[in-house]
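Visitor: sequence and predicted structure, then a few things I'm wondering about:
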Amino acid sequence: MSLLDERREIAIGETVPAQPRATGRRLSACVVAPAGIASFIAVTTATDLAHGALAAAIVILLTVLALRGDGVTSMFDGWLRWQVAGAAALAGSVAGVGALSYDGAGSTVGYAATVGLSWVAIAYIRREPNVDRPGSSFGDIDGLIRIAASAVLVICAAAIVVPSVFERLIVAGCAPAVGLALFALISRRTRRASDGIGVGVQALVAGIAAALLALATPHDISTASIALGTALPTAAALALFKRARRPVRAWVPSASMALAFVMAGAATGPISVVAVAAAAGALVPPRRSATSCFVDKQLDIPMPTGPDVAMRRAVAGLTAVAIAMRLFAERGLWLDEATSVHQARMPFNAMLQDIYKDDNHPPLHHIVLWLDIRLVGDSELALRLPAVVLGALLVPMLFVTGRALFGRRIGAIAAAIGTVAPIAVWYGQEARMYSQFMLLSLVSVHALVHVIRSGDKRFWAIFTLSSVALMYTQYFAVLHVGATIVVLVIEVLRRRRVSDVDVDTRRSRLGRGLAISVATQVIVMLPLVPWILHQAARNQQEGFGFSTSGIAGGSDVVPPPGVYGLLTNVQWAIFGYQNDQLTERLVALWPIGLLLLLFTLGRQRRVANRYLILIAGLPVAFVFGASFLAAKSRSLAEVRYFAGAVPLLFILLAAGLVTVITSRRAQQIVVGGLMTTMLVAAGLQETSTDNPRLYQYREAVDEVREMANPGDIVLYAPFYLNYVLEYYNPGVPAMRASGTVPATPGKVFLVSASSFAASGESDREIDGALEQLRKRGLDVEARYDFAQVTVWEVG
Amino acid sequence: MNTDDRFAQVTWNAGELPPRLTVRLAILLNVVLALWYFSWLLDVDRASNPWLFGALVVAELFNLFQGAFFWWTVWSDRQHGRAAMWRGQVPVVDVFIPVYNEPVDIVAPTLLAATQLRGARVNVCLLDDGGSDSMKALARRYGVRYINRTSRNGAKAGNINHALQMTEAPFVAVFDCDHVPSPEFLEATIGHFARPEVAFVQTPQYYANTIDSPIAAASAAQQELFFGVIARGKASQGAMFCCGTNVVFRRDALDDVGGFPEDSLTEDFALSINLHERGWRSEYVSEVLAVGLGPEDMSSYVSQQRRWAQGCLGGIGRVLRSTLPLGQRLQYLASACYFLSGWTVMLYMSMPILRLLFGWQPIGAVGTNDFILHFAPYFAASLTTVAIASSGSFTFHAFALSSATFGVHVRSVGRVIFRRRGRFVVTPKHGADGRQLRPVGFTIAFGAALLLAMFVGLVRDPSPSTFNNVAYAGLHLVVLSTGAWPALVGRARHRAALSIVRTEGEVAA
């Protein structure tokens, strides 16, 4: 039997015995370790004693790891590869140390280089054919990872020489490597592979959770000792517990270590403990075990069969395109982003207090942004990096979820749609929580599918964690989480109707898992309750609550809740934010929906379809229903508040296309046409100054800065423009336009915003200020119009 | 290996009942939403062009009438299983297979299967109106009786009536020459005649050649809607009518009404009215007991539909004049009136054309919100009810084929009004391979008009309202082109595509 045949057999088989593993895996740990250690020591010696202690701890851990098992002897088996890997690792160390001379992003660049080069090392070491990995294709994309990592090497080396020019390129270069690695991580299809991921991720998450716990404690206790004291036993317990029956891939420790280096390298203060936690994740040892390829038809879902290397490569390419599209954000920050940045620049505890007191959102997005600012910096690109990465990860996630639900082809089409969909691109560029919302929703649905299919505990854990993370990301995500729980309840009830011992067992297991998951979610959600109550009470007081009329801002941009509003949201979800004229015309095409309804006649009814529609539809129905009934409240019926439904819509769209259009060529034409249209729509959305959501604050403030002289002042309305002005800094004092305009020897620049920011109050403030200035004998010398922003030069 | 599709496994379960509670809830929802929509529509203040508004209201009311009868029929859907075993002396059944110049290879399997029927002593008769030697030879080969006649008056009805005079068994089964009965056909049906008031027992028509032809597939889906939920519902209300094949009659009942009416194009429909009017009852067994061939090309489909449309529309007067109980009469009326639906299709398609070219529209000054809020739920609920009640058997292609041949209904109304006598045309059993533009000429003309209107509208006034009408026009265009596509490309292309799929399948296997 040839290798190909053997693989095919295994792909559809039940269980195959474990094969001897490649020798280089332990070696990879040994190679990565010195590179990391070198970098880490370089950083820690430059800071303080606490970091030195942490460095020592990590050195000890890594040494233990390096000397364990057959790693040392393996080195001599493949000395040539060792040379290649060693050279790469050395280059990474040099890059990392070299990057020390730069602040913020520069430093991170160095550590990103280390990560990338670690991948080079791993990739070059693991050149053996994957005979021991039937059904897995990590090795299949090794080539791509190698290419991406090599690109990182070149780009980072160049960046050290000319850092300012290459900043964007560096991110573009690093992201595919990390994206591909994560893609490889999440696109497993064998039980064994998921086991590996599960253990690694659990250990990592446990460690990070412990570190965050440490961060939240009073500072008179050593955060490092708390982190070490919590993370290490957790990871060790996990490792011991899993040892008996669950394996982990060799690269998981390596990746964890690489993460540790990045964290530690850019660390200032308590963030270093995250590095320790990540390193703790690396303690989980690689193991050997049998492979089980399982098939389950609980959801009438076709299991993927046969090699899908080409498809995976296509998705990897799409991910790269997605990163590129999201990186090329030409627009500056808008109000909400600037507000987030203002908060995330505060010390950690102060930020949490500020959100608690003055914001309407849970804190997870701000925590991510807080970490991002400390790791990468606070340039526009740096601020948007989390959204870019999470937004790009949506693409492979769409693929794996679509594949799990409906098969490979639909998964790939959904990924293609997600790559260019204007709304996904828009929020993949915005330094807010919506791309995180989309990705986490999809992760929870993906876990849900596997939970229903196999009842696997690891997917229960992912489901629970993603649900909790969702609720800590956006309060409206509770609707998504609720919908997934409804689906699980329905599934439990559905299985009741089937009298089969196996199904019976699965049902009770599903019911038990659901109960535990919901209980866990409730417990983990408890700390959020005081936040919700406090924020809701404050909203109510300030007139932003659900039973008050609230601000009028955006009322002419967001249509009132109703059928037309719903159609507008569907249009936004598919073709993004366009100018009003185009939006009206696109919405007028609603009869196409009638055609789609007709298309559904006679189609096979799938349980998966119904569940997906339910999960996507319930939040939308609830938001619209609530907005419709509470007509007094400001409009919440807006796609970003149910952003979690958007990726599900993409999967449904892909499934619909493939179901209705049976000819392969016609599918290609239609999908190509749709992607082209979306691409054009995304371009229009990004560049059209008539897009009511596009604000040119940056351009406006740049104009003021250029014209302003000492003695000039800036007046602005509405009051929350302060964060934008704080970020872009006009170079002269700025104050709210209300009340008496202060006397000034120079000119006065008035800045106001329209669209969402428009309100009667801000108009009155601007008019009042202009009136006062006229009375002082000053005239409007010039007026500058930018997209949704106006500047008056009065002198 | 036998390659005749009729020997392949039957893939449709005619007795599959949808969940009753779900169906009834869907119907109730439909009724509520219909009231919601019509209470909004029937307001003359909304009229923009009064003539178009009137036409729209009539069309919508007609569709509501059709929908209401569908809901009424479906409401009483229940299982109609096989009859209890026949007790007593083995019954004698004359099995009639009327033919008229059909190919031998189509008729031979039917003859053979007829001779193998169990549950009765059968006298198989080949009723050859074509007088061909090959049929005579075929009859001789299978040892069946060959009946020929000198005149061909009354087409199929005349042929059967002639055979009735020459035979004498108490029961008569009729099969179209392409419908191969299963051996248990009589075992499943004959028991119903234990009740003396039963005149005939009908069983479903099922087309086996769905893979060979998209038209046959769409046609089969239409048949499955009728012989599934509609036939079961009609049978529950005692209004199932005879469909000309796969049916067993009591000879006494036929004698009582003077045999098959020879002046109708749908002799089976007319015969059923006569029998029910005389107090006889009909039964239905919702199980596929004979497998036939559907029309394989557009020409065959159109000729079949034209005959049914003209026959049924011509029978409306007879239904109205009949002394049938009200329920039965309404059921017959609804079935006959179905063939008026092409007019509504034509009207709906004309609306965007008139709006885009001339600015005429039935409803004016209505917000999108308002219209969608009232219309969309009704539309969606109607489709959902059909989908649920038919257990998903009615497909988009079936709908599209029916819509694309709306011209058949339109012309048939004209022929009935002007009393143009139609000709009984036997549905061809083998389809043609090339393009068939003639049967869809009307459809092509409308498609061109829709395209022109879309273009002119967008050039003249690219307003949101125009976009809305362009979308409507596009919708109709997609439906029309889907329905007419097999005629536009021809079967040869379908076969070529099919052979590629099969080859790939074989390679994969």
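Guide: Yes, it's here.

Visitor: residues of chain B that sit close to chain A?
Guide: B:221, B:367-369, B:372-373, B:376, B:379-380, B:383, B:386-387, B:392-399, B:462-465, B:467-468, B:470-472, B:474-475, B:478-479 (C-beta under 8 Å from any C-beta of the partner chain). C-beta here means a position set from N, CA and C on the backbone, and glycine is covered the same way.

Visitor: poorly predicted segments of the stretch 201-350 of chain A, please.
Guide: A:201-310 (pLDDT under 70).

Visitor: which parts of chain A are strands?
Guide: Along chain A, the stretches classed as strands by DSSP state E are A:15-16, A:291-292, A:713-717, A:734-736, A:748-753, A:780-786, A:789-794.

Visitor: what average pLDDT does the fourth one get?
Guide: Just to be clear, that refers to strand A:734-736. Strand A:734-736 shows a mean pLDDT of 91 in the predicted model.

Visitor: packing partners of it?
Guide: strand A:713-717, helix A:722-728 (3 or more C-beta pairs under 8 Å, 6 or more residues apart in numbering or on different chains; DSSP states H and E).

Visitor: now do the buried residues in that strand.
Guide: For strand A:734-736, burial by neighbour count (16 or more other C-beta atoms under 10 Å in any protein chain shown) applies to A:734, A:736.

Visitor: and of the helices and strands packed on strand A:734-736, who's closest to residue A:702?
Guide: Among the helices and strands packed on strand A:734-736, helix A:722-728 comes nearest to residue A:702, with 7.3 Å by C-beta to C-beta.

Visitor: other residues contacting that closest one?
Guide: Residues from elsewhere that reach helix A:722-728 (C-beta atoms under 8 Å, 6 or more residues apart in numbering or on different chains): A:332-335, A:338-339, A:341-342, A:697-698, A:701-702, A:705, A:714, A:716, A:734, A:736, A:751.

Visitor: redo that, cut-off 7 Å
Guide: Helix A:722-728 has contacts (C-beta atoms under 7 Å, 6 or more residues apart in numbering or on different chains) with A:333, A:335, A:338-339, A:341-342, A:697-698, A:701, A:714, A:716, A:734.

Visitor: how about those in CSV, adding distance to residue B:284?
Guide: Output for those, formatted as CSV (distance: C-beta to C-beta, whole Å):
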residue, distance to residue B:284
A:333, 71
A:335, 69
A:338, 72
A:339, 70
A:341, 73
A:342, 75
A:697, 73
A:698, 75
A:701, 79
A:714, 84
A:716, 79
A:734, 83
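
Visitor: on that earlier part again, among the residues of chain B next to chain A, which lie within helices?
Guide: The members of the residues of chain B next to chain A that map onto helices under DSSP state H are B:221, B:368-369, B:372-373, B:376, B:379-380, B:383, B:386-387, B:396-399, B:464-465, B:467-468, B:470-472, B:474-475, B:478-479.

Visitor: nearest residue to the residue of the stretch 151-300 of chain B found nearest chain A in space, please, no chain neighbours.
Guide: Here the residue of the stretch 151-300 of chain B nearest chain A is residue B:221; by C-beta to the nearest C-beta that distance is 6.3 Å. Nearest non-adjacent residue to residue B:221, counting by C-beta to C-beta, 6 or more residues apart in numbering or on different chains: residue B:398, 3.6 Å away.

Visitor: ok, the one you found - contacts?
Guide: Contacts of residue B:398 (C-beta under 7 Å, 6+ apart): B:218, B:221-222.

Visitor: again, but for residue A:514
Guide: A:488, A:492.

Visitor: any idea how far residue A:472 is from it?
Guide: Note on residue A:514: its distance to residue A:472, by C-beta to C-beta, to the nearest Å, is 21 Å.

Visitor: quick one, which of the residues of chain B next to chain A are buried?
Guide: Neighbour-count burial (16+ other C-beta under 10 Å) applied to the residues of chain B next to chain A gives B:221, B:368-369, B:372-373, B:376, B:379-380, B:383, B:386-387, B:392-399, B:464-465, B:467-468, B:470-472, B:474-475, B:478-479.

Visitor: helices and strands of chain A: which one bottoms out on pLDDT?
Guide: Of all regular secondary-structure elements in chain A, judged by mean pLDDT, DSSP states H and E, the least confident is strand A:291-292 with a mean of 32.

Visitor: could I get the buried residue list for stretch A:523-537?
Guide: A:524-525, A:528, A:531, A:535.

Visitor: got CSV for the strands of chain A, with distance to residue B:34 too?
Guide: Output for those, formatted as CSV (distance: least, C-beta to C-beta, whole Å):
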stretch, distance to residue B:34
strand A:15-16, 57
strand A:291-292, 54
strand A:713-717, 53
strand A:734-736, 57
strand A:748-753, 48
strand A:780-786, 52
strand A:789-794, 51
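
Visitor: now the weakest link among those strands, please, by mean pLDDT.
Guide: The minimum mean pLDDT among the strands of chain A belongs to strand A:291-292 (a mean of 32).

Visitor: buried deepest among the helices and strands packed on strand A:734-736, which one?
Guide: strand A:713-717 (a mean of 24; mean count of other C-beta atoms under 10 Å in any protein chain shown).

Visitor: tell me the angle of it relative to strand A:789-794?
Guide: For strand A:713-717 against strand A:789-794, the angle by axes from the mean of the first three to the mean of the last three C-alpha atoms, to 10 degrees is 140 degrees.

Visitor: you'd agree residue B:123 is in a strand?
Guide: Yes: assessed with DSSP: H, G, I helix; E, B strand; the rest coil, residue B:123 lies in a strand.

Visitor: let me know the secondary structure of the residue nearest to it when sequence neighbours are not counted.
Guide: Computed as C-beta to C-beta, 6+ apart, the closest residue to residue B:123 that is not its neighbour in sequence is residue B:94, at 5.0 Å. Per three-state DSSP, the secondary structure class of residue B:94 is strand.

Visitor: what is the burial count for residue B:94?
Guide: 22 (other C-beta atoms under 10 Å in any protein chain shown).

Visitor: one more: residue B:382?
Guide: Residue B:382 sits with 21 neighbouring residues when counted by other C-beta under 10 Å.

Visitor: how near is it to residue B:60?
Guide: Using C-beta to C-beta, residue B:382 is found at 11 Å from residue B:60.

Visitor: for the stretch 501-650 of chain A, list the residues in contact with chain B, please.
Guide: A:562-564, A:584-585, A:588-592, A:594-595, A:597-599, A:601-602, A:605 (C-beta under 7 Å from any C-beta of the partner chain).

Visitor: can you select the buried ones among the residues you listed for me in PyMOL?
Guide: Here is the PyMOL command that selects the buried residues among these (16+ other C-beta under 10 Å):
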select buried, chain A and resi 562+563+564+584+585+588+589+590+591+594+595+597+598+599+601+602
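
Visitor: now chain B against chain A: closest residue?
Guide: residue B:395 (2.9 Å).

Visitor: that residue reaches residue A:600, doesn't it?
Guide: No: proximity of residue B:395 to residue A:600 does not meet the contact threshold set by C-beta atoms under 7 Å, at 10.0 Å.

Visitor: show me where the stretch 101-250 of chain B has its helices.
Guide: Assigned by DSSP state H, counting those that start in this stretch, the helices in the stretch 101-250 of chain B fall at B:104-115, B:133-142, B:155-166, B:185-189, B:214-225, B:231-236.
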